[in-house]
Structure formats: C-alpha cells, structure tokens
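mind looking at a prediction? Sequence and model below.
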Amino acid sequence: MTLERITVHRLAAVARDQTTTPESVWRLDDLNLAVNNLMIGPGAKPGRLQLGFKLNDAPITVASDSLLLSPLAARARATVDGFDLAPVQAYLPPSVPAGPRAGRVSLALAAAVELAQK
C-alpha cells in the first residue's frame with residue numbers, strides 16, 4: 001500500500017497546562033506537514049517527510065528524505081531556532097539542582113534510526 005500524499009497546512013493549537021504554577025501555555029502555530037510516497041509492505045521504498053511549525057514562536061523543522069514505516073527506518077534532520085527555556089522550569093522536579101530560568105536554545109541535528117524486523 002502507498003500513501004501517496006498527506007498534507008496539512010497552517011494548523012494552529014493552544015494548550016493550557018493547569019497542573020503547573022503558574023499555568024503553562026503552549027502555542028503551536030503555522031504547522032505545515034507534507035508526507036509523500038510512504039509505502040507499507042514488502043518491497044517498500046522510502047518516502048519523504050517535511051514538517052515545520054512554531055512552538056511558542058520558536059521555529060522547528062524536521063525533514064526526512066528516507067522514511068520507512070515497517071520496519072521503522074529513517075534518516076532525518078531537525079532544527080530548533082531560539083526556543084525559550086523558561087517554560088521548561090515548571091516541569092522539573094524540585095530535586096533537580098539546577099534548571100533553566102531564562103535563555104533560548106537553538107540546535108541542529110541529524111539522526112538515523114533503524115529498527116530490526118522481527
């Protein structure tokens with residue numbers, strides 16, 4: 001079976017976590033997803049994935065030119081540009097000796113994942 005195309009344009013969502021003090025608000029804006037030629041089953045060839053969104057105004061992208069679903073195998077690149085670390089503090093237990101109170105993080109990474117077939 002081939003999933004020829006999955007497309008999502010400009011999705012937005014807001015989540016409010018009332019379990020934290022103060023309440024944490026997470027905004028997801030401008031989510032765009034494009035998945036092409038995902039195949040499932042014997043002889044499957046890798047498909048492609050492009051994902052981009054803003055999480056609390058920080059741009060995040062994930063891209064893979066080689067994505068297999070079964071068995072799972074992917075080579076992907078991800079970037080995060082200027083993610084505010086302050087909201088993360090609310091999720092750290094008090095036993096953590098040091099945590100981010102301010103600052104932003106940017107990163108770029110490449111990863112490869114391959115799960116063996118049973």
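Happy to help now that I have it. Numbers count the residues shown, from 1 in each chain.

centroid residue for the chain?
Val62 (6.4 Å; CA atoms, centre = their mean).

list the contacts of that residue.
49-52, 76-78 (CB atoms under 8 Å, 6 or more residues apart in numbering). Yep, even glycine has a C-beta here, placed from its N, CA and C like the rest.

pick out the most distant pair among those.
Farthest-apart pair in those is Gly52 and Ala76; separation 13.1 Å (CB to CB).

quick one: distance of stretch 96-108 to the chain centre.
From the chain centre to the centre of stretch 96-108 is a distance of 18 Å (CA atoms, centre = their mean, to the nearest Å).

what about it, how long is it end to end?
Start and end residues of stretch 96-108 are separated by 26 Å (CA to CA, to the nearest Å).

number of nearby residues for Lys54?
By other CB atoms under 10 Å, the residues close to Lys54 number 16.

and for Ala76?
Neighbours around Ala76, by other CB under 10 Å: 17.

what's opposite it in the beta bridge?
Ala76 forms beta bridges with Ser64, Ala111, as assigned by DSSP bridges.

pretty sure it sits against Ala111.
Yes: between Ala76 and Ala111 there is a contact at 5.6 Å, judged by CB atoms under 8 Å.

now do the strands in this structure.
Applying DSSP state E to the chain gives strands spanning 2-17, 24-39, 47-55, 58-68, 73-84, 104-114.

let's have these in CSV, adding distance to Ser95 and mean pLDDT.
Formatted as CSV, the strands of the chain follow (distance: least, CB to CB, whole Å; pLDDT from 0 to 100):
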stretch, distance to Ser95, mean pLDDT
strand 2-17, 20, 95
strand 24-39, 20, 96
strand 47-55, 27, 97
strand 58-68, 27, 96
strand 73-84, 23, 96
strand 104-114, 22, 96
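
out of those, which gets nearest to Ala90?
Among the strands of the chain, strand 24-39 sits nearest to Ala90 (CB to CB), with 5.3 Å.

now for that closest one, which elements pack on it?
Identification of packing neighbours for strand 24-39 by 3 or more CB pairs under 8 Å, 6 or more residues apart in numbering; DSSP states H and E yields strand 2-17, strand 47-55, strand 58-68.
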